[in-house]
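J.: Got a predicted structure plus its sequence, pasted below:
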Amino acid sequence: MKVTFPHFGNYDIAFESLFEKIGLNYVLPPKTTPFDIERGAKISPEMYCFPFKVNMGNYLRAIEKGANLIFIWQNPGLCRQKYYAKLQEKALREAGFQVSVIGLGPDIFLRLKKIARVSFFKMSLATYFCLKKIKLIEEIERKARFLRPRERNLGETDRVMEGLLEQLKKIKKLGKLLSFKREIKESFAKIELKKDQKFPKVGIIGEIFTVIDGMTNYQIEKKLGQLGVDVSRKLTLSEFIKHGLFPWKRKRAQKIASPYLKSPVGGHGLLTVVEMIEYAKEGYDGIIHLLPMGCMPETTVRPILQQIKEEKKIPFLSFSIDEQSSETGLITRLEAFVDLLKAQKL
């Protein structure tokens, strides 16, 4: 058995650790490329959303390296993503690949424990190690978002970030992992910053995969930082996990969104509305909405986002992304949006 899983931003580093700790033989597909996306789209149902096709491209590369068992997160609720495991397995087998796809949901701990045949204690330690890496990845990304528009030497923040992620990937011992936050702080502190600069603040909202995975959204956070924008992203894997685990967080989100959204729409539609409301209250200068083309929950809430935009008088830009999207087109719209924000801030 050789297992694999699709890329999901920088979180691959944490998922690798989890599989290593429980002794599963895994294959990590190479970083996603436009060629992988094209291959995945060719064997995917045409009307399914972009993450489905990106995942399929990742699987094909992993299968070429010997993978025969695929894990994918299976989100419960109204979004059709909960059917992806069965649909992706069917599409792969119709294309001639004899592999199995397993959807992991809220029962992920027990499912992996059973598949790996490890003790409860060993599975718990592996899970804790993985969760700690997830938090450190998010800390690195948060600091990078803050520093990019402020760095004196263009690209220095990203060089530091890549170095830290590479170090984090190599950490195997818990003691080293627990002390790594200090390394993050010290490394970023060495970056020389501009003085007395004001930057427009932009919040990013939308569907979780499109928002988090840089290869899917054309590294939009990096591009905005290089354009001199202070970027914020509330949606992280940690927040997604908390939202699933703690009913009080879901109730709070429903209460905030209730003036605009009375019923569930599936996916991350509710959180998208909540985050737009919060960014508007916090005085952000603009909001960017990212969604896969055809994503039903995000398409459903887009008129609500437009309504909030009109009420709160906040600049708003929405990007629908699929395999036909153009990076050049995105950059052009992004530059025009940033010019508008900077003009308003003067």
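T.: Happy to help now that I have it. Small disclaimer: the values here were computed from a predicted structure and weren't measured.

J.: contacts and neighbour counts: CA atoms only from here.
T.: OK.

J.: how does this structure divide up, domain by domain?
T.: 3-118, 198-346 (automatic domain parsing).

J.: Pipe those domains into CSV and attach mean neighbour count and distance to G175 per row.
T.: Converted to CSV, these look like this (neighbours: other Cα atoms under 10 Å; distance: least, Cα to Cα, whole Å):
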stretch, mean neighbour count, distance to G175
domain 3-118, 18, 15
domain 198-346, 18, 21
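
J.: and these as TSV, adding distance to R142 and mean pLDDT?
T.: Output for the domains of the chain, formatted as TSV (distance: least, Cα to Cα, whole Å; pLDDT from 0 to 100):
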stretch	distance to R142	mean pLDDT
domain 3-118	12	90
domain 198-346	8	91
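
J.: Let's check: the centremost residue of this protein is which one?
T.: Centroid-nearest residue in the chain: I212, 2.2 Å away (criterion: Cα atoms, centre = their mean).

J.: what sits against it?
T.: 8-9, 235-236 (Cα atoms under 8 Å, 6 or more residues apart in numbering).

J.: any idea how far Y48 is from it?
T.: The gap separating I212 from Y48 is 19 Å, by Cα to Cα, to the nearest Å.

J.: Could you do M123 as well?
T.: Distance of M123 to Y48, computed by Cα to Cα: 34 Å.

J.: With R333 instead?
T.: Separation of R333 from Y48 (Cα to Cα): 25 Å.

J.: Tabulate the domains of the chain (a markdown table), appending distance to I191.
T.: Shown next, in a markdown table, are the domains of the chain (distance: least, Cα to Cα, whole Å):
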| stretch | distance to I191 |
| --- | --- |
| domain 3-118 | 22 |
| domain 198-346 | 15 |
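
J.: L164 is nearest to which of those?
T.: Ranking those by their distance to L164 (criterion: Cα to Cα) puts domain 3-118 first, at 11.5 Å.

J.: Tell me where the stretch 201-346 of the chain has helices.
T.: 208-212, 220-226, 237-245, 247-257, 269-281, 296-312, 327-345 (DSSP state H, counting those that start in this stretch).

J.: could the ones you listed be laid out in CSV, adding distance to M1?
T.: Shown next, in CSV, are those (distance: least, Cα to Cα, whole Å):
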stretch, distance to M1
helix 208-212, 27
helix 220-226, 37
helix 237-245, 27
helix 247-257, 37
helix 269-281, 37
helix 296-312, 35
helix 327-345, 38
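
J.: who does the helix or strand containing P51 touch, helix- and strand-wise?
T.: For P51, the element it lies in under DSSP states H and E is helix 50-64. Secondary structure elements in contact with helix 50-64, counted by 3 or more Cα pairs under 8 Å, 6 or more residues apart in numbering; DSSP states H and E, are helix 34-42, helix 84-94.

J.: can we see that at 10 Å?
T.: On a contact count with 3 or more Cα pairs under 10 Å, 6 or more residues apart in numbering; DSSP states H and E, helix 50-64 meets strand 3-4, helix 34-42, strand 69-73, helix 84-94, helix 208-212, strand 286-292, strand 316-321.

J.: Nearest to K242, out of these?
T.: So among the helices and strands packed on helix 50-64, helix 208-212 is nearest, using Cα to Cα, at 14.0 Å.

J.: Using PDB, write out every CA atom in the closest one.
T.: Taking Å, rounded to 0.1, in the frame of the first residue of the first chain, the C-alpha atoms of helix 208-212 are listed here in PDB:
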ATOM      1  CA  ILE A 208     -11.000  27.400   1.500                       C
ATOM      2  CA  PHE A 209      -8.900  25.600  -1.100                       C
ATOM      3  CA  THR A 210      -8.900  28.500  -3.500                       C
ATOM      4  CA  VAL A 211      -8.100  30.900  -0.700                       C
ATOM      5  CA  ILE A 212      -5.200  28.900   0.800                       C
END
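
J.: Correct me if wrong: E183 contacts G163.
T.: No. At 11.1 Å, E183 does not count as touching G163 under the criterion of Cα atoms under 10 Å.

J.: so how far is the longest helix anywhere in the chain from its chain's centroid?
T.: Counting residues, the longest helix found in the chain (DSSP state H) is helix 120-147. Put simply, helix 120-147 sits 14 Å off its chain's centre (Cα atoms, centre = their mean, to the nearest Å).

J.: Now do the helix or strand just after it: which elements does it pack against?
T.: Following helix 120-147 in sequence order, the next helix or strand is helix 156-170 (DSSP H and E). Applying 3+ Cα pairs under 10 Å, 6+ apart, one finds that helix 156-170 contacts helix 12-21, helix 120-147, helix 174-178, helix 180-189.
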